[in-house]
Each structure stands twice: as C-alpha cells, then as structure tokens.
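> have a look at this prediction, sequence included:
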Amino acid sequence: MASIKDIAKACGVSVATVSKALNGHNDISQATKEKVREAARQMGYMPNSAARALKTNRTYNLGVLFVDEAQSGLTHEFFAAVLDSFKRHAESRGYDITFINHNIGHGHSSYLEHCRYRGVDGVIAACVQFDDPEVVELAYSNLPLVTVDHVFNNRAAVLSDNVEGVQQLIDQLTALGHERIAYITGEQHSAVTQKRLVGFYRACAAHGITVPDAYVVPSTYRDAKGCGEATRRLLSLPQRPTAILFPDDFSAIGGIQAVQEEGLLIPRDISLVGYDGNLISQIMSPQLTTYRQDTEALGKAAAELLIEEIESPRTALPEQRLIAGRFLKGQSIDSPHD
C-alpha cells in the first residue's frame with residue numbers, strides 16, 4: 001500500500017506538505033491539496049488510524065450510549081432515526097461510531113470505563129436513565145458529551161421542542177371545539193414527559209379548560225398494551241373525554257384497539273392524537289393526527305455540537321439547541337359530537 005513518502009515523491013513535494021494536504025490545512029494552496037489528494041486516490045493510499053491517533057491525539061471514534069428501558073433497541077423509531085442522522089453526519093466528518101455498554105472482555109465496566117477502553121473522542125447519550133449514577137459520572141467527566149432531550153449542567157444538548165409540540169396538538173383540538181381532552185403520559189421521571197405535561201396544561205389553560213386529575217393517566221412510552229389499558233380507564237369515566245393525546249404513535253396502536261373494542265368510531269365518537277410523526281402513524285387506519293419530531297435536524301445538531309467540542313475545545317460552548325417539529329393532520333380528529 002502506498003505511503004505518504006510515495007505520494008510526496010510522485011507529486012514532487014515534501015512529506016509535510018502531503019500531510020497538510022490530506023488533513024485539510026489552510027497554509028497550502030488549494031491546487032496543491034487537489035494534486036496531492038488525486039495522487040493519493042490513484043495510488044490507493046489509506047491513512048493508518050493508529051498512526052493518525054498518535055499524531056492527532058484523537059481516534060476519530062464517537063461513542064453512542066443508548067439504553068432503552070423497553071428493550072426495543074434500534075427498532076425504536078424515534079431514536080433510531082436520530083442516531084441514523086447522527087451517524088451519517090459524523091461519518092461525513094471522518095468519524096466512526098461505537099456503542100457503549102458495560103462489557104470489557106468478560107468483565108463488567110462502567111460507561112466511562114468502557115469509553116476510555118474504546119478510546120472514543122466523545123459520546124452522544126440518548127434514551128438512557130439520566131439519573132443513573134454511571135450516566136451522571138460520564139456527564140461530569142472530562143469527556144466531550146452531547147445529550148438528547150436532557151440537559152446536564154454545563155453540557156451540550158439537543159432538545160426537541162416538546163412544550164410547543166403538545167401545545168400545537170391541543171390548539172388543533174380546541175379549534176375543533178374539544179374541551180374534554182385527556183392525556184396518557186410517558187414515564188414520570190422523564191424530562192420529556194415533564195415538558196410535555198407543562199405544554200399540555202399551559203395550552204389547556206390558555207383555552208380556559210380545567211383538566212380533571214382523572215384525565216391525566218401515567219403510562220410508558222412505546223407500550224401499546226399499557227396504553228390500551230389506560231385508554232379503557234378513560235373510556236370508563238362517568239364523563240369520558242372527547243379527545244385523547246397518546247405518549248407516542250406506537251403506543252397509540254393500543255389505544256386505537258381499545259376504542260374499537262368499545263364499539264366506538266374514530267373520529268366520530270372520539271378524537272385521538274399521537275406524537276413523533278413516525279411512519280407507522282401515516283400507514284395505520286385511521287391515519288393518525290400527530291406531531292412530527294425533526295429527527296434529521298436533531299441528529300445533525302448532535303454531531304455538529306459534539307465534533308465542535310472535540311475539535312475546538314477552547315472555543316466550543318455547551319449549547320442547548322432546541323429543534324422544532326411540525327403538526328401532521330391525519331384522519332383521527334374531528335369536532336365532538338356529544
């Protein structure tokens with residue numbers, strides 16, 4: 001395989017110039033960069049990652065901490081889409097990714113120990129128990145970190161605008177005349193749940209709606225069975241709601257089934273709205289009205305913030321970047337008929 005010395009000889013330049021050209025330095029001309037890169041391509045040159053790590057003190061490897069309580073793994077539509085965007089944008093900057101876990105060989109390790117063992121330059125943390133002591137240890141280490149939908153003090157984060165998302169859904173329901181609106185929430189310890197609850201109560205208050213305690217039912221994300229049970233509880237109330245907001249589109253499947261088993265029609269008898277805007281929401285029947293989170297923008301922003309912190313540690317700020325989504329009108333809402 002060709003070496004840097006071979007490229008230097010072929011181009012009639014120094015080894016230092018070849019190194020600068022391949023690493024994008026600005027103190028050589030664009031013409032020289034293109035000449036060197038073309039020669040490297042024709043000669044089949046591939047940089048040695050170990051040598052590059054020694055020279056730059058970076059491995060160009062990013063850790064991904066993804067621990068889903070529901071054990072859905074990368075079938076979790078929202079986080080899978082965010083991580084796919086993160087991966088593509090990181091790879092375009094020359095980085096690879098490694099999933100972080102508790103295993104080093106056959107022994108148990110903390111997340112921070114595994115990061116150091118793998119030599120990652122930084123970590124994105126998504127869908128984890130953020131109050132887990134091992135996650136907190138990682139957050140307060142000196143390793144660059146970006147979190148998704150959670151904020152640690154003095155750490156970068158990308159956040160979906162959960163307050164605005166729920167408010168838009170409630171605004172749409174009240175515009176149709178709904179006043180009895182129920183909300184099946186996700187896990188209570190989740191920062192996402194708390195922000196969506198704030199958005200729900202704010203929007204209802206803005207429209208002069210007082211929400212009965214019985215109309216807010218805790219459940220879990222991506223749990224169709226649990227959401228179905230929560231829906232049945234709401235439908236059995238003496239004065240049932242005319243509209244129900246579900247924690248996510250996947251969970252809404254259980255809610256829709258429960259409504260249909262009660263002999264009710266959607267949206268004639270009851271209106272239903274989801275959250276996330278995943279593909280499943282657009283192919284289910286009836287097509288679900290929902291709020292689409294911008295997973296592409298979330299993943300891109302996470303990659304940008306993390307790589308900036310790695311490559312420009314003296315000038316990077318621990319920014320919290322808020323990403324808006326958009327309302328998707330489906331076939332599951334209508335004016336109340338009772």
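Looks like it arrived, so ask away.

> Gly299 against Phe78, yeah?
No. Checked against C-beta atoms under 8 Å, the pair Gly299 and Phe78 is beyond contact range at 10.9 Å. In this view, the C-beta of every residue, glycine as well, is placed from N, C-alpha and C.

> give me the common contacts of the two.
Residues touching both Gly299 and Phe78 (C-beta atoms under 8 Å, 6 or more residues apart in numbering): none.

> all strands for the stretch 51-200 of the chain, in order.
Under the criterion DSSP state E, counting those that start in this stretch, the stretch 51-200 of the chain contains strands at 61-66, 96-99, 103-104, 107-108, 122-126, 145-148, 156-160, 181-185.

> averaging pLDDT over each of these, which comes out lowest?
By mean pLDDT, the lowest-scoring of the strands of the stretch 51-200 of the chain turns out to be strand 103-104, with a mean of 70.

> who touches it?
109, 113-114, 117.

> change it to 10 Å
The contact list for strand 103-104, computed with C-beta atoms under 10 Å, 6 or more residues apart in numbering, reads 109-110, 113-114, 116-118.

> what separation do you get for Tyr140 and Lys195?
Distance of Tyr140 to Lys195, given as C-beta to C-beta, to the nearest Å: 23 Å.

> Glu319 too?
Glu319 sits 18 Å away from Lys195, going by C-beta to C-beta.

> looking at the two, which is more packed in?
Lys195 (19 against 15; other C-beta atoms under 10 Å).

> list the residues that contact the closest residue to that one other than its chain neighbours.
What sits nearest to Lys195 in space, not counting adjacent residues and going by C-beta to C-beta, 6 or more residues apart in numbering, is Asn162, at 4.1 Å. Contact analysis of Asn162 by C-beta under 10 Å, 6+ apart lists 149, 191-199, 275, 291, 293, 322, 325.

> switch the cut-off to 6 Å
192, 195-196 (C-beta atoms under 6 Å, 6 or more residues apart in numbering).

> ditto for Ala243
The contact partners of Ala243, by C-beta under 6 Å, 6+ apart, come to 173, 178, 181, 271.

> and the helices in this protein?
4-11, 15-22, 30-42, 49-56, 77-92, 111-118, 133-139, 162-175, 191-206, 224-235, 249-261, 279-283, 295-311 (DSSP state H).

> comparing these, which gets the lowest mean pLDDT score?
helix 49-56 (a mean of 55).

> re earlier: of the contacts of Ala243, which is the most crowded?
Leu173 (27 neighbours).

> quick check: the gap between it and Asn23.
Remark: distance between Leu173 and Asn23 (C-beta to C-beta) = 55 Å.

> go on, Ala191?
39 Å.

> ok, now Thr231?
57 Å.

> of the two, give the one with the bigger neighbour count.
Of the pair Thr231 and Asn23, Thr231 is the one with more neighbours under other C-beta under 10 Å, namely 29 against 13.

> I'd say that one and Ile253 touch.
No. Counting by C-beta atoms under 6 Å, Thr231 stays clear of Ile253, with 10.7 Å between them.

> rewinding a little: just the contacts of strand 103-104 now: which is nearest Glu34?
Arg118 (34.7 Å; C-beta to C-beta).

> so the closest one touches Phe99, yeah?
No. In this structure, Arg118 is not within contact of Phe99 by C-beta under 6 Å, at 9.5 Å.

> count of residues packed around Gln287?
14.

> contacting residues for it?
With C-beta under 6 Å, 6+ apart, Gln287 has these contacts: 330-331.

> rerun at 10 Å
281, 328-332.

> separation between it and Ile280?
For Gln287 relative to Ile280 (C-beta to C-beta), the value is 11 Å.

> cool, and Asp132?
Taken as C-beta to C-beta, the span from Asp132 to Ile280 is 29 Å.

> who's more crowded, the two?
Neighbours around Asp132 and Ile280, counted as other C-beta under 10 Å, are more numerous at Ile280. The numbers are 17 against 12.

> excluding chain neighbours, what is closest to that one?
Using C-beta to C-beta, 6+ apart, the closest residue to Ile280 is Asp249 (5.5 Å).

> Asp121 versus the one you found, what's the distance?
The value you get for Asp249 to Asp121, if C-beta to C-beta is used, is 34 Å.

> between those two, which one's more packed in?
Asp249 (26 against 22).

> from what I can see the more buried one touches His76, true?
No. Look at Asp249 against His76 with C-beta atoms under 10 Å: they stay out of range, at 11.7 Å.

> quickly list what's touching both of the two.
Counting by C-beta under 10 Å, 6+ apart, the residues touching both Asp249 and His76 are 222, 278.

> now do the contacts for Ala81.
Here Ala81 is in contact with 276-279, 293-296, 298-299 (criterion: C-beta under 10 Å, 6+ apart).
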